[in-house]
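J.: Sequence and predicted structure are below.
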Amino acid sequence: MTIRVQTEINATPDRVWDVISDLDNEPKFWRGTKSIRNISKDKNTITREITIAFRDQKCLQRVNLYPKERIETVFTRGIIDGNKTVMLKVEDGKTILLTHWDIRLTGMMSVFTGIIRRHIRDGTEQAMQSIKAEIEG
């Protein structure tokens with residue numbers, strides 16, 4: 001499943017990057033992420049375990065930061081397979097925050113794809129608006 005959500009934020013790209021790149025604060029904005037446990041960090045690559053809201057499932061992720069450009073999150077183990085990319089773009093002098101999911105549910109969880117897709121889309125829209133509100137004050 002692919003999901004794509006974007007929003008325009010009235011702030012500089014640097015300000016938006018400061019908020020979205022603070023990965024430990026992700027549960028504050030992304031309601032589907034209940035908790036994060038960082039396992040390792042090597043320069044701009046972080047390995048972590050997250051607990052997601054769906055049945056408190058744990059997933060392993062590898063997160064790559066490309067400063068002031070994008071954050072690529074690859075699900076490496078758990079009920080989700082694929083990636084989530086959060087990108088910063090400037091178009092016509094405006095800062096655009098874009099989230100793109102390209103994932104699938106693994107094993108028996110695949111029967112819940114329709115339900116989970118709606119939750120991820122709603123959660124992404126809510127997260128983008130929460131990030132926007134935090135930045136714009």
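T.: Good, I have the coordinates.
J.: quick one: contacts for the residue sitting furthest away from the middle of the chain?
T.: No residue in the chain sits farther from the centre than residue 92, which is 24.8 Å out by CA atoms, centre = their mean. Under the criterion of CB atoms under 8 Å, 6 or more residues apart in numbering, residue 92 has no contact partners. Using the backbone N, CA and C atoms, a C-beta is placed for each residue, glycine as well.
J.: same question, residue 51
T.: Neighbouring residues of residue 51 by CB under 8 Å, 6+ apart: 33, 34, 35, 36, 57, 58.
J.: neighbouring contacts of stretch 124-137?
T.: Contact partners of stretch 124-137, identified using CB under 8 Å, 6+ apart, comprise 3, 5-7, 9-11, 15-16, 19-20, 28-31, 97, 99, 101.
J.: ditto for stretch 100-115
T.: For stretch 100-115, contacts defined as CB under 8 Å, 6+ apart pick out 1-4, 54, 75, 78-85, 87, 116, 120, 124.
J.: just how off-centre is stretch 111-122 within its chain?
T.: 15 Å (CA atoms, centre = their mean, to the nearest Å).
J.: Over to stretch 105-112?
T.: Offset of stretch 105-112 from its chain centre (CA atoms, centre = their mean): 20 Å.
J.: buried sites along it?
T.: 105, 109 (16 or more other CB atoms under 10 Å).
J.: three-state assignment of the nearest residue to residue 78 once chain neighbours are set aside?
T.: Closest residue in space to residue 78, ignoring its immediate chain neighbours: residue 59 at 3.1 Å, by CB to CB, 6 or more residues apart in numbering. Using DSSP: H, G, I helix; E, B strand; the rest coil, the structure places residue 59 in strand.
J.: For residue 59, give its distance to residue 133.
T.: 27 Å (CB to CB, to the nearest Å).
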